[in-house]
Structures are given as C-alpha cells and as structure tokens.
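Undergrad: My questions concern the predicted model and sequence given below.
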Amino acid sequence: MKPLVIGSQDAVWGFALAGVRGQVVSTAEELHAALDAALANKEIGILLITEDVAEFARQRVELLISRSTIPLVVEIPGPQGAATNRPALAEVLQQTIGVKL
C-alpha cells in the first residue's frame, strides 16, 4: 500500500522529494476528482490531504477522516503551517487510535 498526498503545489513537490506521489489541487472540483480517483485506487493505503486544500470540501474531508479505513485519510498542515484552531496531528492520532505520541 502506497501513500498519496493531495495538496498545494509546494506540499506535493515537498513530498515528491521524499518519494511520495501527489496531486496538486487548487479548486474544489479538482479536490473532488482527486479524492474520487484516490479512493478508487486499491494501491493507496494512506491519503494525506493538506489543511488548505481540505477547506475546499471540508464536510467531505471530515467524513472521510472519520469513516475511511482503507485508505486511511489524514489531514496534515499546509505550507503555511498548522491552523491555530485545529488539533495537532499527535492529538488527532491519539483520538483515532488511542496511542499517545
């Protein structure tokens, strides 16, 4: 199972340097198309979505985070850093899997 990142150009390029495939998204329509393709691809095990792009379809992303098991959907900070009103990734993981990092 492979990871995939959906996000802004900077985020996708950054992950590409680490060998992680990605898709650049700049509109809500592009995000929905990228999510549909990722969810249909059985090779994708972890789907990373940057916060800035997740805002294009907040309700759908929240639903996927709470209900999707394969792929595991995780929202990560965008290039501007984590939003102050959002929980930290470690806190989200603790709530999701019950393990404190």
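TA: Noted; the coordinates are in hand.
Undergrad: Just the buried positions in whichever helix in the chain runs longest, please.
TA: Counting residues, the longest helix found in the chain (DSSP state H) is helix 28-40. Neighbour counts using 16 or more other C-beta atoms under 10 Å place L31, A34, L35, A38 of helix 28-40 among the buried residues. Where you see a C-beta, it was placed from the backbone N, CA and C, and this is true even at glycine.
Undergrad: Need these in a markdown table (columns: distance to F15 and pLDDT).
TA: Formatted as a markdown table, the buried residues of helix 28-40 follow (distance: C-beta to C-beta, whole Å; pLDDT from 0 to 100):
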| residue | distance to F15 | pLDDT |
| --- | --- | --- |
| L31 | 17 | 97 |
| A34 | 14 | 97 |
| L35 | 17 | 97 |
| A38 | 14 | 96 |
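Undergrad: so which of those residues comes closest to W13?
TA: When the buried residues of helix 28-40 are ranked by distance to W13 (C-beta to C-beta), A34 comes first, at 15.7 Å.
Undergrad: Relative to L64, how far out is that closest one?
TA: Counting by C-beta to C-beta, to the nearest Å, the separation of A34 from L64 is 12 Å.
Undergrad: on that earlier part again, now do the next helix or strand after the longest helix of the chain against helix 28-40, angle only.
TA: Using DSSP states H and E, the helix or strand that follows helix 28-40 in sequence is strand 44-50. Strand 44-50 and helix 28-40 are oriented at 160 degrees to each other (axes from the mean of the first three to the mean of the last three C-alpha atoms, to 10 degrees).
Undergrad: counting contacts, what elements does strand 44-50 pack onto?
TA: When contacts are defined as 3 or more C-beta pairs under 8 Å, 6 or more residues apart in numbering; DSSP states H and E, strand 44-50 packs onto strand 2-7, helix 28-40, strand 72-76.
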